[in-house]
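**Q** below are the sequence and a predicted model; questions follow.
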Amino acid sequence: MSKAILIHAHGGPEVMRFEDHDPGRPGEGQVLVKHTAIGLNFIDVYYRTGLYPAPDGFPLVPGAEAAGVVLETGAGVDWLKPGDRVAYAANTGAYAETRLIAADRLVKVPDGVSDEQAAAMMLKGMTAEYLLRRTFKVKAGDTILCHAAAGGVGLILGQWAKHLGAITIGTAGSPDKIELAHANGYDHVIDYRKQDFVQEVAAITGGKKCDVVYDSIGKDTFPGSLDCLRPLGMFVSFGQSSGPIPPFNIGLLAQKGSLFATRPSLFAYNARREDLEASAAALFDVVLSGAVKVRINQKYALKEAAKAHTDLENRHTTGTSILIL
């Protein structure tokens with residue numbers, strides 16, 4: 001019997017149970033995948049705690065990205081076969097030894113990219129792709145600010161933005177994380193625990209501020225992130241690790257310089273198959289070129305998912321973490 005991490009009620013890491021779980025046989029358009037590595041992301045915490053509602057109720061199998069091998073294909077799936085290496089980013093369902101998934105959500109993993117790399121970068125890397133290339137099209141000379149620069153998305157985004165020619169500013173909360181961010185594309189890194197990041201951004205930019213702010217922190221960095229933007233700059237809120245941003249009067253954007261604000265999600269940006277394929281291809285290309293390196297800094301066994309969540313929430317991790325089987 002296959003096993004998975006199952007959640008039967010919202011709560012802390014302790015609600016995750018390593019239990020028997022039969023994924024079933026693939027139906028039309030589906031694929032049965034045997035996972036080899038699974039990514040760890042803050043969105044997994046949101047589903048566990050109930051901040052995001054479980055899409056199919058309980059029991060819930062969390063997990064948003066993974067890589068593995070095709071075991072079996074359902075009717076109508078003619079472009080995949082057993083033995084193919086595949087990877088994906090989804091809402092839930094990855095914390096399992098095997099799973100069923102719609103074939104049109106899978107991409108083939110190219111030679112030169114390991115299963116562990118693929119599992120570590122699908123959600124985070126394609127998030128960096130749409131943030132940099134579609135939400136705000138970063139070009140050479142742009143100045144960007146990315147909070148949580150030493151996090152999984154932050155490290156990929158910093159390298160990719162530098163590859164595009166941007167001036168990169170990040171925030172981090174410890175000497176080790178600051179050093180890590182500097183080593184991954186950031187020209188300037190602000191210690192948000194000791195420094196006022198708004199004042200530091202103004203000093204770094206000579207008062208010109210940033211073209212775009214990428215903010216996955218939420219409550220703790222708002223509205224300070226808006227004060228880091230030049231007139232007509234863009235605030236991109238793509239996460240809320242410190243809690244949701246409280247309701248605010250939209251007139252605040254006018255007061256602070258006719259700013260743009262958006263709350264995008266990877267799943268909306270890659271809802272169409274062609275967009276998913278293009279996003280994954282861009283990610284694989286930039287990794288295979290060496291411009292972006294995916295460093296896996298923590299590994300946990302699948303049955304240790306509760307410990308992985310505890311470490312993630314307590315900010316004891318850097319960069320990318322994976323669950324291995």
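**A** Received it, and whenever you're ready, just let me know what you need. Residues are numbered from 1 along each chain as shown.

**Q** on the three-state scheme, the spatially most central residue of the chain is what?
**A** By C-alpha atoms, centre = their mean, the chain has its centre lying nearest to residue 124, at 3.1 Å. Here residue 124 is recorded as helix under DSSP: H, G, I helix; E, B strand; the rest coil.

**Q** give me every residue that touches the residue nearest to residue 140 when sequence neighbours are not counted.
**A** Nearest residue to residue 140, sequence neighbours excluded (C-beta to C-beta, 6 or more residues apart in numbering): residue 165, at 2.9 Å. No exception for glycine: its C-beta is placed from N, CA and C like everyone else's. By C-beta atoms under 8 Å, 6 or more residues apart in numbering, the contact set of residue 165 is 139, 140, 141, 142.

**Q** now do residue 165, the pLDDT please.
**A** Here, the pLDDT recorded for residue 165 equals 98.

**Q** assign it to helix, strand or coil.
**A** Recorded secondary structure, residue 165: coil (three-state DSSP).

**Q** for it, give me phi and psi.
**A** The phi and psi values for residue 165, taken as degrees, to the nearest 10, are phi 100, psi 10.

**Q** distance check, it against residue 238.
**A** Distance of residue 165 to residue 238, computed by C-beta to C-beta, to the nearest Å: 22 Å.

**Q** hmm, back to that, neighbour-wise, give me the winner out of the contacts of residue 165.
**A** Among the contacts of residue 165, residue 142 has the most neighbours (other C-beta atoms under 10 Å), with 18 neighbours.

**Q** correct me, but it touches residue 211?
**A** Yes - under the criterion of C-beta atoms under 8 Å, residue 142 makes contact with residue 211 at 4.6 Å.

**Q** can you name the residues that contact the residue nearest to the centre of the chain?
**A** Neighbouring residues of residue 124 by C-beta under 8 Å, 6+ apart: 39, 41, 65, 152, 153, 156, 320.

**Q** just the residues you listed: which are in helices?
**A** 152, 153, 156 (DSSP state H).

**Q** adding distance to residue 265 and pLDDT, write these out as a markdown table.
**A** Formatted as a markdown table, the ones in helices among the contacts of residue 124 follow (distance: C-beta to C-beta, whole Å; pLDDT from 0 to 100):
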| residue | distance to residue 265 | pLDDT |
| --- | --- | --- |
| 152 | 16 | 89 |
| 153 | 13 | 94 |
| 156 | 17 | 96 |
